[in-house]
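Trainee: dropping a prediction and its sequence here:
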Amino acid sequence: MTHPDRKKGEKISFNKLLDSIKPGSRIFITTGPATPINTLKRLFATEHPNLTDIEIIQLVILDEYLPGDTGLKSDIRLKTFIVGENIGKELQKGNIDFIPTNIMQIPYLFTTNSLGIDIAIIQTSPCDDNGRLNLGIVTDVADCILKTAPVVVAEINPNVPHTMGETTISLDQVDYITESRRPLVSRKRPAYDAILSRIGWNTASLIDDGSLISMQYGGIYEAIAAHLKEKRSLKVFSYVISDWIIDLVESGAIAPRNEGAGQGSIITSSCFGTRKLYRYVDNNPLFTFLPLIQSRYQAQIAALKNLIAITFVEKIDITADTVVPPISDNVLSGFDGKLDFSLGAARSRNGKSIVVLRSADRRGRSNIVIRHTDPKKWIRSMLGTAQYVVTEYGVANLIGKSIRERALALIDIAHPSHRQGLLKGAKAAGIIYPDQIYNVKHSVSYPYELENIQPFGRDLPVRIRPIKPSDEDMMRRFFYNFSEESRYLRFFSRISAMPHKKMQAYVSVDYTSVLSLVAIISQRGTERIIAECRYAFDAHTGRYEMAFLVDEEFQGRGIGRFLVEYLLKAAKKKKIRRIRAVVLSGNRNMTSIFNSIPFASILQSDDNEIVFEFRL
């Protein structure tokens, strides 16, 4: 839409601005740190006949914009798409309207002017030498508004950073100019505690070099970023970024600017955080700011490779189907914003959709529930996108898992004090087998310190960890992948089947008298056990005995020897002095590896078997 009668870029006073507003007007105000605070606060504070039955529309309303104890004037109403941090009182008073819509539809509403905007008030930098203004650190729907709003007012503020991307507009696109020198809205850098740090470590272990990550604002994202500093060639594609991005850039984790594509390695629509962050993005070529319709377009997101979407939630049901977003999730991006990226990551080649949460709330109640029962909580569906769930107690890989397998995986990462209750509830709900073995006392003894990621060559990163009850189906696939001869050499008998009853007993260990380590690889997100090594105490002989098995496809890579040495180190820390291994004479691979251990000795050798002893 063009308006040839406009007086472009005319500098006006606030009183002149009031003259341009008519009773009943709908005024759009830009969001977050791009809020023209000077104009907005004066609108709230001014009594003027033109400010009658006014609607102010913002994507997000943050509480510091609102008047204090007196509240909003009755003749001004607010409309928003994402409820801000602390505006419940105004919602209850009826002074704020909430427009329910998927955030991906918001640009369409402004492009078509479905909301009937009469005046748009935006914040920009001062003009440069070419007469161009810069939108700075929020570019969400400004491009749509400039094309459709009958009147555009720019609040010029020298504190607005100059950013790169689709952030410059011509002075000819603006009708009026007002001036301000107020500091931009900022936030202290969120802190995180030891629990969030552990969640951050677990999450970072899922992120490979070269990944494209989507993270937002909040302490959990600061914690994740703290454990990503050793990664390399990372890129960022997110609606909003915060101060964690500075650490990733400074540590060398972020890839250099893609000159061929003419874009930085960090693509976003907005940034929200400290003033240090705003200074950091100023004229920084690593950052590309794009309008919402581009940086969040679903088809584009799904086409991206290696996209990692991380969604922080308050609670999740035991099948990972529904979640309760945290109240603070509404700042700038909202749950829908994260869900869009989760949908894209689930479809992305080598992408991962990760849900993260604390295992328990502040009152000690489980955040993993059989079903959501609190009517006051806002329950949302993950639309089947949750591929991984992470707590401070570990990672649950849900890809290709049944409802029963999902439930066991989530019980594994629940707070230990809640696991028995979740097991009982899942059985009562018919989610898991009535005879399912799960010893909570054993699960509490799970040795997290043994979790490790070990590379075997350039192309085979392997996760080493103690076995879990939820590994039953993976172990069953591992068992059936072997020839009858290999099973005989390992188990000393012709075992043809390993049904649920036998296998669940095999994977349920106490981590003391029995310790089993498994080697796991990920193939397009699906986990696969490729090796196992265990020791077990034999009450009849009073000795510990050990054995291992490596998938025939992965033999000869050093995996077996690594597991043996790793398990023996773990046994030594547990004050175990001697371990024996009985090997059939025909098992040349196992014999060769045991012979290579420096402190191994042969106690017996004949045509049938060889007995090794390891003195620790």
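Mentor: Arrived safely.
Trainee: tell me which helix or strand the residue lying closest to residue 603 once chain neighbours are set aside sits in.
Mentor: Closest residue in space to residue 603, ignoring its immediate chain neighbours: residue 611 at 4.5 Å, by Cβ to Cβ, 6 or more residues apart in numbering. Where you see a C-beta, it was placed from the backbone N, CA and C, and this is true even at glycine. For residue 611, the enclosing helix or strand under DSSP states H and E is strand 609-615.
Trainee: show me what counts as buried in that strand.
Mentor: Judged by neighbour count using 16 or more other Cβ atoms under 10 Å, the buried positions of strand 609-615 are 610, 612, 613, 614.
Trainee: starting at the chain centroid, how far to that strand?
Mentor: Strand 609-615 sits 47 Å away from the centroid of its parent chain (Cα atoms, centre = their mean, to the nearest Å).
Trainee: counting by contacts, list what it packs against.
Mentor: Using 3 or more Cβ pairs under 8 Å, 6 or more residues apart in numbering; DSSP states H and E, the elements in contact with strand 609-615 are strand 578-584, strand 600-605.
Trainee: reformat those as a markdown table; add mean neighbour count and distance to residue 23.
Mentor: Converted to a markdown table, the helices and strands packed on strand 609-615 look like this (neighbours: other Cβ atoms under 10 Å; distance: least, Cβ to Cβ, whole Å):
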| stretch | mean neighbour count | distance to residue 23 |
| --- | --- | --- |
| strand 578-584 | 18 | 86 |
| strand 600-605 | 12 | 91 |
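Trainee: now mean pLDDT too, for those, in JSON lines please.
Mentor: As requested, the helices and strands packed on strand 609-615 are arranged in JSON lines below (pLDDT from 0 to 100):
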{"stretch": "strand 578-584", "mean pLDDT": "92"}
{"stretch": "strand 600-605", "mean pLDDT": "90"}
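Trainee: quick one: which of those is nearest residue 565?
Mentor: Closest to residue 565 of the helices and strands packed on strand 609-615 is strand 600-605 (Cβ to Cβ; 10.8 Å).
Trainee: and the closest one, what other elements does it pack with?
Mentor: Applying 3+ Cβ pairs under 8 Å, 6+ apart, one finds that strand 600-605 makes contact with strand 609-615.
Trainee: so where's the stretch 151-300 of the chain uncertain?
Mentor: For the stretch 151-300 of the chain, the stretches with pLDDT under 70 are 293-300.
Trainee: quick one, helices of it?
Mentor: Ranges of helices in the stretch 151-300 of the chain, per DSSP state H, counting those that start in this stretch, are 194-204, 219-226, 244-250, 275-281, 292-295, 298-303.
Trainee: return the distance of the first one from the chain's centre.
Mentor: Meaning helix 194-204. Distance of helix 194-204 from the chain centroid (Cα atoms, centre = their mean) equals 11 Å.
Trainee: then the fourth one?
Mentor: When C-alpha coordinates are averaged (Cα atoms, centre = their mean), helix 275-281 and its chain have centres 24 Å apart.
Trainee: now that helix - C-alpha only, PDB.
Mentor: What follows is helix 275-281 as a C-alpha-only set of coordinates in PDB (Å, rounded to 0.1, in the frame of the first residue of the first chain):
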ATOM      1  CA  ARG A 275      23.100  -4.100  27.400                       C
ATOM      2  CA  LYS A 276      26.400  -5.900  26.800                       C
ATOM      3  CA  LEU A 277      24.500  -8.200  24.400                       C
ATOM      4  CA  TYR A 278      23.100  -5.200  22.500                       C
ATOM      5  CA  ARG A 279      26.500  -3.700  22.200                       C
ATOM      6  CA  TYR A 280      27.900  -7.000  21.000                       C
ATOM      7  CA  VAL A 281      25.500  -7.400  18.100                       C
END
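Trainee: ok, residues contacting that helix?
Mentor: The set of residues that contact helix 275-281 without belonging to it, under Cβ atoms under 8 Å, 6 or more residues apart in numbering, is 33, 137, 159, 161, 163, 183-184, 186, 242-243, 245-246, 271, 287.
Trainee: which residues does stretch 601-610 contact?
Mentor: By Cβ under 8 Å, 6+ apart, the list of residues contacting stretch 601-610 reads 580, 582, 583, 584, 585, 591, 611, 612, 613, 614, 615.
Trainee: closest to residue 208 among these?
Mentor: With Cβ to Cβ as the yardstick, the closest approach to residue 208 among these comes from residue 614, at 35.1 Å.
Trainee: and that closest one, how far is that from residue 422?
Mentor: 39 Å (Cβ to Cβ, to the nearest Å).
Trainee: now residue 408
Mentor: Taking Cβ to Cβ as the criterion, residue 408 is separated from residue 422 by 10 Å.
Trainee: and residue 572, by the same measure?
Mentor: Taken as Cβ to Cβ, the spacing of residue 572 relative to residue 422 amounts to 35 Å.
Trainee: compare these two (neighbour count), which wins?
Mentor: For residue 572 and residue 422, the more surrounded residue by other Cβ atoms under 10 Å is residue 422, and the numbers stand at 24 against 13.
Trainee: element containing that one, please.
Mentor: Under the criterion DSSP H and E, the helix or strand holding residue 422 is helix 416-428.
Trainee: that'll do, ta.
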